[in-house]
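Engineer: With the input below, show me the fold.
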Amino acid sequence: MSHLRPGPVKKTILIVDDEKNTREGLRTSLEDGYEVYVAADAGGAKAIMEADRVDLLMTDLRLGTDNGMDLVSWALRQNHPPVCIIMTAYGGIEEAVEAMKRGAYDFVTKPVNIDRLELLIKRALHGSEIERENVRLREQIDKRYGLETFVGDSPAMAHVLDTIKQVAPSRATVLISGESGTGKELVAHAIHRLSPRHGGPFVAVHCAALSPQLLESELFGHEKGAFTGAGERRIGRFEQASGGTLFLDEIGEIDAATQVKILRVLGERVFERVGGNKPLAADVRLLAATNRDLTKMVAEGNFREDLFFRLNVVQLHLPPLHDRREDIPLLAVHFLREAAKENDKPFRELTSDAMKCLANYDWPGNVRELRAAVEHGVVMAGGPKITLRDLPSGVRRAAETAPSGPLPLNLGETELSLIRRALGECRGNRTLAADKLGISRRTLHRKLREHPGLGDS
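Structural biologist: Reported below is the predicted structural model:
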């Protein structure tokens with residue numbers, strides 16, 4: 001028995017012209033390669049575009065009492081705007097050019113040359129496909145490293161996000177402080193992504209993981225023969241990050257000699273490779289992070305005061321999770337969805353007891369520890385919901401001995417916050433929002449009906 005594979009889905013074209021012979025003739029010429037719709041006026045065209053997704057709109061400039069330019073402007077404001085091509089008589093070329101300034105892709109003159117039109121349509125749709133792919137890739141990057149990475153409605157997180165937006169476009173060095181697990185590298189990524197240097201590389205160095213000699217070579221590179229084992233020239237992280245951003249994590253762990261060299265880079269914008277004597281330009285923006293009290297280290301003589309001032313042009317402090325407990329339910333549900341997807345598990349919910357346990361725990365490992373605890377629950381849960389017994393035993397025991405208090409955000413409010421967030425990220429598109437939330441569009445509509453005004457927020 002043979003199995004037929006479905007062919008590729010045809011692109012959809014909408015032809016709008018008040019002359020029946022023109023629109024039907026174009027339909028006949030194009031329908032072998034495309035799914036073709038036709039309409040005689042703007043009202044009919046809008047009805048088609050509201051009912052189905054159209055990849056390319058081709059409209060006459062004059063549609064009886066309607067205006068094709070207005071139709072193009074309307075189409076380009078939709079959630080999935082089509083590529084727009086204008087048809088015009090020779091006398092309307094000026095208007096067609098004006099339509100292109102408003103966003104139309106190109107124009108053709110009547111009578112339409114079918115061969116030229118088919119080439120134009122192929123080029124337009126191919127360009128649109130590339131642009132959509134670029135947008136998709138940018139959204140993936142932004143989702144990983146942009147502000148969408150940060151979940152929380154607390155005043156503390158609002159201050160962090162406002163500071164990121166304020167400092168990112170500048171050239172200022174930023175010192176990111178906070179306990180381990182609060183997300184300092186994510187902040188550095190977000191600053192880079194929102195900065196004028198976002199097209200350049202983002203290079204991270206974890207200073208505590210390297211000995212002083214290795215760190216110096218890692219940062220500045222070395223020449224062949226600079227030390228035993230240096231068999232060839234090595235390009236350091238300052239050179240690798242040229243044109244972009246260099247992030248030095250755990251900056252408080254570097255030794256005195258390396259501190260001096262970093263200070264020179266910040267002051268003179270030059271450095272030398274280990275074993276070399278040729279000054280090299282340092283075209284980098286420096287971001288640094290620490291979980292130590294650098295002010296105290298300066299007072300004790302363990303960190304250079306002049307380097308501290310150079311690094312601390314702007315300080316951005318990330319609060320520990322126990323200081324923003326109202327964000328715990330939102331974070332927990334966010335990590336739950338991530339972990340369920342990554343571990344190929346059906347979507348699960350947290351029971352009220354499990355959520356109270358998470359809210360009462362002190363989280364010494366901060367957001368990183370919460371993520372691990374939720375993933376543990378996803379993996380260990382035997383039913384459709386994560387219960388108290390599915391959480392790590394250490395979290396359960398510590399939460400049981402902590403003073404019990406009301407949840408900072410109840411489960412219903414958590415759900416509404418997630419819906420608001422998804423609708424905002426999807427610019428009100430309910431189909432995309434439902435997909436992001438992992439629910440059906442029908443379920444999303446029901447929840448919006450239950451909470452009037454939610455879809456407008």
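Engineer: what residues are up against Ala372?
Structural biologist: When contacts are counted by CB atoms under 8 Å, 6 or more residues apart in numbering, Ala372 is found next to Gly365, Pro392. (Glycine included, C-beta is placed from N, CA and C.)
Engineer: what does the model give the closest residue to Asp66 other than its chain neighbours for pLDDT?
Structural biologist: The spatial neighbour of Asp66 that comes closest, neighbours along the chain excluded (CB to CB, 6 or more residues apart in numbering), is Ala42 at 4.0 Å. Ala42 carries a pLDDT score of 93 in this model.
Engineer: Quick check on Ala42: phi, psi?
Structural biologist: When read as degrees, to the nearest 10, the backbone of Ala42 gives phi -70, psi -40.
Engineer: Hmm, it is touching Met69, no?
Structural biologist: No. When contacts are counted by CB atoms under 8 Å, Ala42 is not listed as touching Met69 (10.4 Å).
Engineer: number of nearby residues for Ala256?
Structural biologist: Neighbourhood size, Ala256 [other CB atoms under 10 Å]: 12.
Engineer: Quick check, it in contact with Met297.
Structural biologist: No. At 11.6 Å, Ala256 and Met297 do not qualify as touching, with contact defined as CB under 8 Å.
Engineer: can you give me the helices in the stretch 201-350 of the chain?
Structural biologist: Secondary structure of the stretch 201-350 of the chain by DSSP state H, counting those that start in this stretch: the helices cover 212-220, 237-240, 256-268, 294-299, 305-311, 328-342.
Engineer: Could you list every helix and strand that the first one packs against?
Structural biologist: Read that as helix 212-220. Counting contacts by 3 or more CB pairs under 8 Å, 6 or more residues apart in numbering; DSSP states H and E, helix 212-220 is packed against strand 202-206, helix 237-240, helix 256-268.
Engineer: and what of the second one?
Structural biologist: Using 3+ CB pairs under 8 Å, 6+ apart as the contact criterion, the neighbours of helix 237-240 among helices and strands are strand 202-206, helix 212-220.
Engineer: Got the phi and psi for Lys224?
Structural biologist: Dihedral angles for Lys224 - degrees, to the nearest 10 - are phi -60, psi 130.
Engineer: Neighbours of it, how many?
Structural biologist: If we define neighbours as other CB under 10 Å, then Lys224 has 12 of them.
Engineer: cool, Lys296 as well?
Structural biologist: Lys296 has 11 neighbours, counted by other CB under 10 Å.
Engineer: ok now do the residue nearest to Asp66, which residues does it touch?
Structural biologist: Ala42 sits next to Val16, Leu63, Asp66, Asn67, Gly68, Asp70, Leu71, Trp74 when contact means CB under 8 Å, 6+ apart.
Engineer: ok so, going back, looking at the helices and strands packed on helix 212-220, which is nearest to Asn366?
Structural biologist: Among the helices and strands packed on helix 212-220, strand 202-206 comes nearest to Asn366, with 17.3 Å by CB to CB.
Engineer: tell me the mean pLDDT for that closest one?
Structural biologist: According to the model, strand 202-206 has a mean pLDDT of 95.
Engineer: list the helices and strands that strand packs on?
Structural biologist: Short answer (3+ CB pairs under 8 Å, 6+ apart): strand 202-206 packs on helix 184-193, helix 212-220, helix 237-240, strand 245-249.
Engineer: in that strand, what's buried?
Structural biologist: For strand 202-206, burial by neighbour count (16 or more other CB atoms under 10 Å) applies to Phe202, Val203, Ala204, Val205.
Engineer: now the residue lying closest to the first one once chain neighbours are set aside: how far from Ile86?
Structural biologist: Excluding the flanking residues, the one nearest Phe202 by CB to CB, 6+ apart is His192, at 4.7 Å. Using CB to CB, to the nearest Å, one gets 41 Å for the distance from His192 to Ile86.
Engineer: Please apply the same query to Ala190.
Structural biologist: For Ala190, the distance to Ile86 (CB to CB) stands at 41 Å.
Engineer: Tell me which of those two has more neighbours.
Structural biologist: Comparing Ala190 with Ile86 by neighbour count (other CB under 10 Å), the higher total belongs to Ile86, at 27 against 23.
Engineer: sec struct for the more buried one, please.
Structural biologist: Of the three states, Ile86 takes strand according to DSSP: H, G, I helix; E, B strand; the rest coil.
Engineer: Nearest spatial neighbour of it, chain-adjacent residues omitted?
Structural biologist: That would be Phe107: by CB to CB, 6+ apart, it lies 4.0 Å from Ile86.
Engineer: What does the one you found show for phi and psi?
Structural biologist: Backbone torsions for Phe107, taken as degrees, to the nearest 10, come to phi -140, psi 160.
Engineer: Break the chain down into its domains, please.
Structural biologist: The chain is divided into the following domains under automatic domain parsing: 12-138, 147-319, 322-409, 412-456.
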